[in-house]
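**Q** coordinates only, sequence not included:
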């Protein structure tokens, strides 16, 4: 695993992220925006696993990309 970077929810993701994973981030952030939760301090953490990005939000949401390029969003269990 290679460490990437962190950025605040709702701000611009790192430029090295592209296509499907960006769409996943946008979808998760849109869903959170509709909830009545204070996420103003939440941050994303980007790491790289086997050359593919893994984005984890402070609430435990994880976005991964498989070798074929499909994105999976795993939401935290309550």
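**A** Received the coordinates, thanks. Keep in mind that what you see is a predicted model, and the values were worked out from it rather than measured. Numbers count the residues shown, from 1 in each chain.

**Q** I would like the residues contacting stretch 63-78, please.
**A** 19-21, 23-25, 27-28, 49, 52-56, 59-62 (C-beta atoms under 8 Å, 6 or more residues apart in numbering). (C-beta placed from N, C-alpha, C; glycine too.)

**Q** Likewise for stretch 38-46?
**A** For stretch 38-46, contacts defined as C-beta under 8 Å, 6+ apart pick out 4-10, 13-14, 17, 25, 32, 53-59.

**Q** Give me the ChimeraX select line for the contacts of stretch 63-78, limited to the buried ones.
**A** If you want just the buried ones from these in ChimeraX, going by 16 or more other C-beta atoms under 10 Å, the selection is:
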select :21,24,25,28,53,54,55,56,61,62
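
**Q** quick one: the residue nearest to the spatial centre of the chain from residue 36, how far?
**A** For the chain, the residue lying nearest the average C-alpha position, counting by C-alpha atoms, centre = their mean, turns out to be residue 55 (3.7 Å). Separation of residue 55 from residue 36 (C-beta to C-beta, to the nearest Å) stands at 24 Å.

**Q** now do residue 74
**A** In terms of C-beta to C-beta, residue 74 sits 23 Å off from residue 36.

**Q** Between these two, tell me which one has more neighbours.
**A** residue 74 (11 against 4; other C-beta atoms under 10 Å).

**Q** For that one, name its beta-bridge partners.
**A** residue 62 (DSSP bridges).

**Q** chain center to the helix-or-strand element of the chain with minimal mean pLDDT: distance?
**A** Between all helices and strands in the chain, the lowest mean by mean pLDDT, DSSP states H and E belongs to strand 2-8, at a mean of 84. Relative to the chain's own centre, strand 2-8 is displaced by 10 Å; criterion: C-alpha atoms, centre = their mean, to the nearest Å.

**Q** same for the helix or strand following it, what does it pack against?
**A** Downstream of strand 2-8, the first helix or strand assigned by DSSP states H and E is helix 19-33. Counting by 3 or more C-beta pairs under 8 Å, 6 or more residues apart in numbering; DSSP states H and E, the packing neighbours recorded for helix 19-33 are strand 52-57, strand 62-65, strand 71-74.
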